[in-house]
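S.K.: what follows is a predicted structure for the sequence shown.
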Amino acid sequence: SYWALALGKAIGGLGTGVAVVGCNAAAGSAPEAGERQRLIAGLNVGLMTGVVLGSAVGGFAADYLGYPAAYGAAAVCVLLAGAYGWRSLGGVRRFSPETEDGAAACGSVRQFLRDPGVWGFLLCIMLPYMLMMYFKDYLFPLFASGLGKTESVIGSVMLAGGMLAIVLGEAAPGELIPRVGAWNAARLSSLVSLYALGLFALKPAFETAAVAICLLGVSASFGYAAQGAYYTELFQRAGVGAGKAMGVFSLFDNLGQTGGPLALSALLFLGAAAESGVIAVGALTLLAGTSLLKAGRKRFARHEG
């Protein structure tokens, strides 16, 4: 029934949010910066691989075995993920807990969040980027199914985009971020995503949607890593504990995962093409505002000094 499916999706979303927040917090608890970056990069690759394989295998299972078998296989995967996650927690014990004074810790987090570079990144880069990425997980399946495409066809297109993200994700961040910097790489990934959504908005066809999915895969290959690298630079310069800073990062990550489908569903009455255009224009407006953040951050630094 519809309500049983909605309840299952709600429980699944809750579990996904808890898992992502927990994994990010565990990765951010590593004592060394290099190890933190490796863990966050590995977490991103794991998430992308899981989404790609899940979309492809789930589509084929639903097509050829039926929806009950597909959901049964998903339940088995969730149980296996829980078992492996529980086992991995043993490695977190070697990370030393932070020993800061409670009042000082709260004050440092408040000061950290007052920095225009921090809230500008969270609100103008991270959240709209996640919203644009939900084109492949939300709008594209609805649009393609409306054209009569089967789950296996939809899963194959998503598999192609995901494979681009995984293959390029091994080399693109290491080649691009040192050359242009994490901040510029994060903005470049947003521009690629904006182009993908704008292309589909101007020509809403299945072929254009497939191209947009592939472009989003290219963007994801270095976008998430660039965001993580830039945020790591932010809290290292601010002197905020890694665990607390990654807690803030995970909070906004979870807000994006929750708010993305809600925002897209609220605009669904516009149609997939118009909705993509509205999202692209909104994200472009926020991205343009990031040009003011460096000036604001310099004024903030002078004031604090």
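M.R.: Okay, I see it. Residues are numbered from 1 along each chain as shown.

S.K.: when you work out contacts or count neighbours from here on, use the C-alpha atoms and nothing else.
M.R.: Will do.

S.K.: for stretch 142-153, what is the average pLDDT?
M.R.: Per-residue pLDDT over stretch 142-153 has a mean of 84.

S.K.: now find how far off-centre it is within its chain.
M.R.: Its chain's average C-alpha position is 24 Å from that of stretch 142-153, according to Cα atoms, centre = their mean, to the nearest Å.

S.K.: residues of that stretch that come out buried?
M.R.: Using 16 or more other Cα atoms under 10 Å as the test for burial, stretch 142-153 gives 142-144, 150-153.

S.K.: how close does residue 22 get to residue 232?
M.R.: Distance of residue 22 to residue 232, given as Cα to Cα, to the nearest Å: 17 Å.

S.K.: got it, and residue 245?
M.R.: 9 Å.

S.K.: related to what we said a few turns ago, more crowded one of residue 22 and residue 232?
M.R.: Comparing residue 22 with residue 232 by other Cα atoms under 10 Å, the one with more neighbours is residue 232, at 21 against 16.

S.K.: which helices and strands does the one helix or strand that one maps to pack with?
M.R.: Assigned by DSSP states H and E, residue 232 falls within helix 206-238. Packing partners of helix 206-238 (3 or more Cα pairs under 8 Å, 6 or more residues apart in numbering; DSSP states H and E): helix 33-64, helix 116-121, helix 151-169, helix 172-180, helix 182-202, helix 242-266.

S.K.: what angle separates it from helix 242-266?
M.R.: Relative orientation of helix 206-238 versus helix 242-266 (axes from the mean of the first three to the mean of the last three Cα atoms, to 10 degrees): 150 degrees.

S.K.: what residues of helix 206-238 count as buried?
M.R.: Neighbour counts over helix 206-238 (16+ other Cα under 10 Å) mark 208-232, 234-235, 238 as buried.

S.K.: relative to helix 182-202, how tilted is it?
M.R.: Using the same axes, to 10 degrees: helix 206-238 against helix 182-202 is 160 degrees.

S.K.: for helix 206-238, the averaged confidence score.
M.R.: In this model, helix 206-238 has a mean pLDDT of 85.

S.K.: how about the most centrally placed residue in the chain: what's its closest non-neighbour residue?
M.R.: Nearest to the geometric centre of the chain sits residue 130, at 5.1 Å (Cα atoms, centre = their mean). Nearest residue to residue 130, sequence neighbours excluded (Cα to Cα, 6 or more residues apart in numbering): residue 256, at 6.0 Å.

S.K.: so that neighbour touches residue 131, yeah?
M.R.: Yes. At 6.8 Å, residue 256 counts as touching residue 131 under the criterion of Cα atoms under 8 Å.

S.K.: ok, residue 275 to residue 205 distance?
M.R.: Residue 275 is 14 Å from residue 205, by Cα to Cα.

S.K.: who has more neighbours out of the two?
M.R.: Between residue 275 and residue 205, counted using other Cα under 10 Å, the more crowded position is residue 275 (21 against 15).

S.K.: what helix or strand is the more buried one located in?
M.R.: Applying DSSP H and E, one finds residue 275 within helix 272-289.

S.K.: low-confidence ranges, the stretch 51-200 of the chain, go.
M.R.: 55-56, 89-109 (pLDDT under 70).

S.K.: let's go with 50 and repeat that
M.R.: 96-105, 107 (pLDDT under 50).

S.K.: sorry, back to before: could you dump the buried residues of stretch 142-153 to CSV with distance to residue 44?
M.R.: Formatted as CSV, those follow (distance: Cα to Cα, whole Å):
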residue, distance to residue 44
142, 25
143, 27
144, 27
150, 28
151, 25
152, 25
153, 25
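
S.K.: closest to residue 288 among the residues you listed?
M.R.: residue 143 (29.0 Å; Cα to Cα).

S.K.: so that closest one is in which element?
M.R.: Assigned by DSSP H and E, residue 143 falls within helix 140-146.

S.K.: what lies in contact with the helix holding residue 275?
M.R.: Helix 272-289 is contacted by residues 124-125, 128-129, 131-132, 135, 139, 143, 187, 190, 194, 197-198, 200-204, 264, 267-268 when judged by Cα atoms under 8 Å, 6 or more residues apart in numbering.
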